[in-house]
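In: need a structure here:
(2 chains)
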Amino acid sequence: MIKIENLQKSYPIGKDSLHVLKGLNLHIKEGEFVAIMGSSGSGKSTLLNIVGLLDSHDSGTYHLNGQLIENLDEKKAAVLRNKFLGFIFQSFNLITYKTAVENVALPLYYQGMGRAERQKIALKYLEKVGLKDRANHLPNELSGGEKQRVAVARALATQPKVVLADEPTGALDSTTSNSVMELLKDINREGMTVFVITHEEDIAEQTDRIVRLKDGVIISDEKVNKNVNA
Amino acid sequence: MFDLDRWQEIFQTISKNKLRTALSGFTIAFAILLFTLLFGVGNGLKHTFEKQFAGDSQNSIYVFSGTTTKPYKGLQSGRQIQFRNDDSKFINEKFDDKIQYFSPAIQRNNMQTIYKGEQNRYTVRAVYPDYQPLESAVIQDGRFLSYLDIEKKAKVVAIGRLVEEDLFGSLSAVGKNINIEGISYKVVGVFNDPGGDNDERFIYTPFTTFQGMYKPNDEIDRFGMTFNPTLTVDEALAFSNLLTKVLKEKHNVDPRDQGAIRVRNYAEGTKNVQGFMMVLNIIILFIGIGTLVAGIIGISNIMVYIVKERTKELGIRKALGATPKSIVGMIMMESIFITALAGYSGLLIGIFTLKAIGSSLEKYFILNPSVETYVVVGATIVLVIAGTIAGYVPAKRAASIKPIVALNDQ
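Out: Below you'll find the predicted structure:
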């Protein structure tokens, strides 16, 4: 699903440039639940931005769903994001003046779907994250955990190939963190590729595979041994 | 192409962000309102000015005679110049193409006028029927003098509105006989005159009736005429200068003599009025442009602020699949919609305000303040376009920001 070879990225800082990603190789298959771990400055956010087509890379190759990503203009990137990717952010990034159901329906609007159908699908996904009764509330009337679940529903609404989550539990307490992680696990169990970035060990533990990043290189990539519950 | 979904999205954004909407709407509405009011008041001043000069026909010329002040061709100074009937003929023949209406006149001031017990003293002018348009006199009752009256040397008069009021009170004067200096005249008409009270205390009688009675047979006091309205102001002035010159030649008057023959051309005044009007127009234009520029700057600032404020929202939309084009389109449509609507309401408020307060401003020399619709509509369109351009630049920039940068915007 995601295939990265010798990916490099640097940011100009004044006259110098900061080499952030120094030749990453990563292959994520369909249906995997992967955590990228690393301390701040390790390059994990940059990796997510490149994978999420929110930023471009300098060299190396990136295939998303078999498609080589290069020389994307903004419009193509927008279409691909809408089609293949669902985003979950640390700070939720809901549109404040739209209700929960309108937020979930927004990516469908950009797909050109009709209003009634958007509404129906958005409600379906809100029900899936257990927030159907909160559908007509504005984000500031929802708790942090609820906001993040709305964001999850929004990420799922377009039935993407990959869900990208950037510190999805970073702004949540441990109980709500767990409920969000349970949600992500459910999604993964249904076959969705889920790609989580985190610096929290216990969050990473709940995924199937942990890729550790340090100073722009992958230092380990291992499967998580899980105690399989009955 | 009407995209209902897109409009619903825009209406939602507009109605859910009231402060933002109000801010940009207010700027535009206020600018247009100010524009309309200032323009209207300026036009009101202009109307007052135009009316002040409406007393006499704008194209009238009067020729008076006096005594010479300079010796010329062996003739002494202090000689009285007397116009005669052949001068009338001479002018008419020489300047036929330049003259629209023409009338010689004899004027007698302080003529005692009596109707039954009431009496007063008035200025009586003996004229031809052509004199009426010169004074812009409007008949309100009966008729003015006719050529038949001239021919028959009829003892008839047309009297000013105030003469009727003085002598007849609330009765109608038409058909009654009045006595002027011992001679009885029949009133055939009553006129009013936009020139004001003085002009409405005149009495007009046929030229031929007075000539011979109060003047030797062929003598004339003065001439009144209007120049052909197709002449420009400069051509009209040239005409009156030429008229002065030939009359001075005919009566052996030094061309530099200012006293013997005097020509008063209203076109001169018209020229001054036109100059003043031009200045007034420039001032009004300046105010209008100033208001518009202020409005443009206002709406530009607000658009920049709005787009800045929305950077994060735009980043979210982009992450969810909005193309740069749809982002720019959305901001543009919102801005056009708000500015057009606000501009239109400012326009309506302005026009209604002018209508409402218009009549109470007359004492401040502002008459019928109003604005031509196309001017205000044009101004509104200018502001809408300005708002659109002002919104386009930051919207374009916001749409090209990488979504990740926009998302990190706090």
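In: burial count for the residue in chain A that chain B sits nearest to?
Out: Taking CB to the nearest CB, chain B has its nearest neighbour within chain A at A:Asn82, 2.5 Å off. All C-beta spots, glycine's among them, are computed from the backbone N, C-alpha and C. Number of residues near A:Asn82 (other CB atoms under 10 Å in any protein chain shown) recorded here: 22.
In: Tell me who's in contact with it.
Out: Contacts here follow CB atoms under 8 Å, 6 or more residues apart in numbering or on different chains; on that basis A:Asn82 touches A:Pro107, A:Tyr110, A:Gln111, A:Thr158, B:Leu320, B:Gly321.
In: do B:Ala386 as well
Out: Here B:Ala386 is in contact with B:Gly295, B:Ile296, B:Ile299, B:Ser300 (CB under 8 Å, 6+ apart).
In: possible to save those residues as a markdown table with distance to A:Glu182, neighbour count and secondary structure?
Out: Shown next, in a markdown table, are the contacts of B:Ala386 (distance: CB to CB, whole Å; neighbours: other CB atoms under 10 Å in any protein chain shown; DSSP: H, G, I helix; E, B strand; the rest coil):
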| residue | distance to A:Glu182 | neighbour count | secondary structure |
| --- | --- | --- | --- |
| B:Gly295 | 56 | 27 | helix |
| B:Ile296 | 55 | 20 | helix |
| B:Ile299 | 50 | 29 | helix |
| B:Ser300 | 50 | 18 | helix |
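In: all helices of the chain, in order?
Out: All of this refers to chain A. A:44-51, A:74-84, A:100-109, A:115-128, A:144-157, A:174-189, A:201-204 (DSSP state H).
In: Correction: the question concerned chain B.
Out: Under DSSP H, chain B gives helices at B:4-16, B:18-52, B:85-94, B:131-135, B:147-152, B:161-168, B:207-210, B:233-250, B:266-309, B:311-319, B:324-358, B:373-400, B:403-408.
In: A:Gly43 contacts A:Val211, correct?
Out: No. Applying CB atoms under 8 Å as the test, A:Gly43 and A:Val211 come out as separate, 11.4 Å apart.
In: OK, contacts around the nearest residue to A:Ile203 once chain neighbours are set aside?
Out: Excluding the flanking residues, the one nearest A:Ile203 by CB to CB, 6 or more residues apart in numbering or on different chains is A:Thr169, at 5.7 Å. When contacts are counted by CB under 8 Å, 6+ apart, A:Thr169 is found next to A:Gln148, A:Thr176, A:Ser177, A:Val180, A:Met181, A:Thr198, A:Glu200, A:Ile203.
In: so which of those would you say is closest to B:Gly343?
Out: A:Gln148 (42.9 Å; CB to CB).
In: so that closest one touches A:Phe92, yeah?
Out: Yes. Counting by CB under 8 Å, A:Gln148 touches A:Phe92, with 5.8 Å between them.
In: which residues are in contact with both of those two?
Out: Shared contacts of A:Gln148 and A:Phe92, counting by CB under 8 Å, 6+ apart, come down to A:Ala171.
In: of those two, who's got more company?
Out: Shown here are A:Gln148 and A:Phe92; by other CB under 10 Å, A:Gln148 has more neighbours (29 against 22).
In: Now do the contacts for that one.
Out: A:Gln148 neighbours (CB under 8 Å, 6+ apart): A:Ile88, A:Phe92, A:Pro168, A:Thr169, A:Ala171, A:Leu172, A:Thr176, A:Val180.
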